[in-house]
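Q: when you get a sec, could you give me coordinates for this:
(2 chains)
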Number of protein chains: 2
Amino acid sequence: MINIFKERKTIEQVEEGNELAPKFDENGLMPVVTTDAKTGDVLMLGYQNEEALKLTIQTGEAHYWSRSRECLWHKGATSGLIQKIIDIRIDDDQDSIWLKVELQGLEASCHVGFKSCFYRSIPTGNIKDEIKLIYKEDEKTFDPKDIYGDAPNPTKL
Amino acid sequence: MINIFKERKTIEQVEEGNELAPKFDENGLMPVVTTDAKTGDVLMLGYQNEEALKLTIQTGEAHYWSRSRECLWHKGATSGLIQKIIDIRIDDDQDSIWLKVELQGLEASCHVGFKSCFYRSIPTGNIKDEIKLIYKEDEKTFDPKDIYGDAPNPTKL
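A: Sure thing, here's the model as predicted:
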């Protein structure tokens, strides 16, 4: 695969230019936030390595690096929950990505069955009392067993 | 400061419960995506350590850990660009945060002077041609010199 990334030379080039000069971290990864183009809601926070970012640019479908499964991850290849790219943004210092996507199929994104991975809210205020998370989605969009079968849960303790 | 975080015991507790049991990475940090409650736009991607998350919950204003300056960072303490918390969300495996905020003052968030840090778009398609980033904000909201003076630029090459 050809190298589409430029060398990082100056802060001005990185922040104020039009060259794509991304910075991956010590593990070769970059955090990626994915939002629903229709609602503006944050769906998930994932990671991309160089190949995942290139494939996302090239195919117009979201690709990530799965840290739990340690492999390239074409979102939806197993579940059908494909994310069609509407816009790819990169931030000022080019070390994180924002994907604005259109959801296909069940219009959900989270392996637990909810539409967004961020289905719970942390109440603000006095932290002397016990904190109870508040559910922001009333019910799951799908049953994970129907989609993923017996595949191992990616959540690590 | 009291410990408001629960021990992570089971996947069910973490994914399906109402206990706050966050997982910080090997550097004690968690990625945080911040969106503008008014427009839904992603403003920035930052990081929080335990203290920054606690202070955000307690004060209702966004706090981060600055990786470049290696210190706790009350966003807006220097610049006036305070982010008032509308909602704090945590994801399924509780290792990332979504802050929905209301911008104060200049209604901007990016140290380069733009409203959002994600002011440039990466075009999709044939990656054999050179990629040129496309500006999505026509002009800067403020002049960084007016706000930050001679403070060192946080961007690292």
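
Q: so how many other residues sit close to the closest residue to A:Ser66 other than its chain neighbours?
A: Closest residue to A:Ser66 apart from its sequence neighbours, by CB to CB, 6 or more residues apart in numbering or on different chains: A:Trp73 at 4.1 Å. Where C-beta positions appear, they are placed from N, C-alpha and C, glycine not excepted. Using other CB atoms under 10 Å in any protein chain shown, A:Trp73 has 21 neighbouring residues.

Q: helix, strand or coil: sort out A:Trp73 for me.
A: Counting by DSSP: H, G, I helix; E, B strand; the rest coil, the backbone at A:Trp73 sits in strand.

Q: quick one: contacts for it?
A: By CB atoms under 8 Å, 6 or more residues apart in numbering or on different chains, the contact list for A:Trp73 reads A:Gly46, A:Ala52, A:His63, A:Tyr64, A:Trp65, A:Ser66.

Q: in the sheet, who's paired with the last one?
A: Listed beta-bridge partners, A:Ser66: A:Cys71 (assigned using DSSP bridges).

Q: pLDDT wise, what is it at?
A: The per-residue pLDDT reported for A:Ser66 equals 94.

Q: mind listing what A:Thr56 touches?
A: A:Thr56 touches A:Gln48, A:Ala62, A:His63, A:Ile85, A:Ile88, A:Leu99, B:Thr124, counting by CB under 8 Å, 6+ apart.

Q: what about A:Val101, neighbour count?
A: Neighbours of A:Val101 using other CB under 10 Å come to 25.

Q: could you export the longest helix anywhere in chain A as CSV, CA atoms only?
A: Looking across chain A with DSSP state H, the single longest helix is helix A:50-59. This file holds the C-alpha atoms of helix A:50-59, laid out as CSV (Å, rounded to 0.1, in the frame of the first residue of the first chain):
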residue,chain,number,x,y,z
GLU,A,50,-2.1,3.5,9.6
GLU,A,51,-3.8,0.7,7.6
ALA,A,52,-7.2,1.3,9.2
LEU,A,53,-7.0,5.0,8.4
LYS,A,54,-5.9,4.3,4.8
LEU,A,55,-8.7,1.8,4.3
THR,A,56,-11.3,4.2,5.7
ILE,A,57,-10.1,6.9,3.3
GLN,A,58,-10.0,4.5,0.4
THR,A,59,-13.2,2.5,0.9
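
Q: which parts of it are buried?
A: Using 16 or more other CB atoms under 10 Å in any protein chain shown as the test for burial, helix A:50-59 gives A:Glu50, A:Ala52, A:Leu53, A:Lys54, A:Leu55, A:Thr56, A:Ile57, A:Gln58.

Q: before we move on, what about stretch A:101-110?
A: By neighbour count with 16+ other CB under 10 Å, stretch A:101-110 contains the buried residues A:Val101, A:Leu103, A:Leu106, A:Ala108, A:Ser109, A:Cys110.

Q: do stretch A:128-144 as well
A: Using 16+ other CB under 10 Å as the test for burial, stretch A:128-144 gives A:Ile131, A:Leu133, A:Glu137, A:Thr141, A:Phe142, A:Pro144.
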